[in-house]
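K.L.:
one predicted model, sequence on top.
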Amino acid sequence: MKRAALMSLLCLGQVNAQAPHETASSLAEHYARAYRVPAEFVKAVIDAESGWQPYVISTKGAAGIMQLTAPAAFTFGVTNRFRIDENIRGGVAYLAHLMRLFNGELRLVAAAYYAGEARIQKLGLDCADPDICRYVATVERFYRKRRLAAIERDRNGVVKGAWQR
């Protein structure tokens, strides 16, 4: 009996080990709708931040699938940055805040997500920091790729969520 229970737990673990990206993708879409942030943009940020790996920690201490810093996590009510649902909810809430702050300008939103909103409010994209420029270009590349895929899936739909509104 114990062996059967152990095997079922191991099997469940294997099934769930393959599901996090699918679950994370669904969560990203859910919170994107809830916070009115383009889902392709949310997913592009996740592509750039962690490559959909939920347990990553950056050299600067950002953690989880959306690489939230401890202060950002606190601000947006995330108590465990490694819980995929909390991390995505907090990350999308932060993106929504930045969308309002930068009037929907996705390049500035991406830059602020990476470098901090105060720095981008002060300098915009005029700063000469190559890391910020590289990050924004990476998010833009992922976003455009995801937008094209979405258009292919829904040829009858209206193209929404352009990189620059």
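P.N.:
Done, it's in. These numbers were taken from a predicted model, which means no experiment stands behind them.

K.L.:
for the residue lying closest to Val92 once chain neighbours are set aside, give me its contacts.
P.N.:
Closest residue in space to Val92, ignoring its immediate chain neighbours: Tyr31 at 4.0 Å, by Cβ to Cβ, 6 or more residues apart in numbering. C-beta here means a position set from N, CA and C on the backbone, and glycine is covered the same way. Tyr31 makes contact with 37, 42, 88-89, 92-93, according to Cβ atoms under 8 Å, 6 or more residues apart in numbering.

K.L.:
quick one, strands of this protein?
P.N.:
Counting by DSSP state E, no segments of the chain form strands.

K.L.:
max-length helix in it?
P.N.:
Using DSSP state H to define each element, the chain has its longest helix at helix 130-153.

K.L.:
what's that one packed up against?
P.N.:
helix 39-49, helix 106-115 (3 or more Cβ pairs under 8 Å, 6 or more residues apart in numbering; DSSP states H and E).

K.L.:
again, only this time at 10 Å
P.N.:
helix 39-49, helix 106-115, helix 117-123 (3 or more Cβ pairs under 10 Å, 6 or more residues apart in numbering; DSSP states H and E).

K.L.:
in ChimeraX, how would I select just the buried ones from the contacts of Tyr31?
P.N.:
Buried residues among these (16 or more other Cβ atoms under 10 Å), as a ChimeraX selection:
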select :37,42,88,89,92,93
